[in-house]
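Novice: no sequence on this one, just coordinates:
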């Protein structure tokens, strides 16, 4: 082994076969490292894709759809007015559903129950705690309905309140997502008129 002028070791006694194998090993690393990373991340990518709402199932106004072992129907979508203390561009919106329970295992079927609003641009809003509107006693939120003890055939009233910008109110559509149904979710048409 000889030393260069800069003090680093340079191999001069490697045979042509050894040099060829070293080059092959370096080329193999260029191929194998990305493949190993892809293999290790594959399951994480599949989990991520399956845990997001990507495939909408559209439901016409007034129609019901089977989802998560129950029959979901959008009962009303309305804006509230006269709510004090809100920013000038914000509008409270209520989405009301009736759900006929088909399978009483709501805790199994409705895990991570999420009601949201989606506008034409794809923006999403989740229920807001910033606005508290008085609801009748028999109205529940999606997650509280999951623990209601409802039986097969019962009808639940579910309502969620959102705070959205005024410019979004013309195109928002309510949607329902359940962990057990992802990547599919229900997207309801707006009320007629």
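Specialist: Great, that's in hand. Just so it is clear, the structure is predicted and the values come from calculations on it, not from any experiment.
Novice: I'd guess residue 71 is in a helix, am I close?
Specialist: No. Using DSSP: H, G, I helix; E, B strand; the rest coil, the assignment for residue 71 is strand, not a helix.
Novice: residues contacting it?
Specialist: Residues near residue 71 by C-beta atoms under 8 Å, 6 or more residues apart in numbering: 64-65, 99-100, 102. C-beta here means a position set from N, CA and C on the backbone, and glycine is covered the same way.
Novice: make it 7 Å
Specialist: By C-beta atoms under 7 Å, 6 or more residues apart in numbering, the contact list for residue 71 reads 64, 99-100, 102.
Novice: which among those end up buried?
Specialist: 64, 99-100 (16 or more other C-beta atoms under 10 Å).
Novice: all strands for this protein, in order.
Specialist: Along the chain, counting by DSSP state E, strands occupy 2-3, 9-10, 55-59, 64-67, 70-79, 90-101, 114-118, 124-125, 139-140, 155-165, 173-177, 184-188.
Novice: packing partners for the longest one?
Specialist: When you say that, I think you mean strand 90-101. On a contact count with 3 or more C-beta pairs under 7 Å, 6 or more residues apart in numbering; DSSP states H and E, strand 90-101 meets strand 70-79, strand 114-118, strand 155-165.
Novice: could those strands go into CSV alongside distance to residue 41 and mean pLDDT?
Specialist: Compiled in CSV, these are given as follows (distance: least, C-beta to C-beta, whole Å; pLDDT from 0 to 100):
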stretch, distance to residue 41, mean pLDDT
strand 70-79, 35, 95
strand 114-118, 26, 95
strand 155-165, 35, 95
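Novice: all good on my end, thank you.
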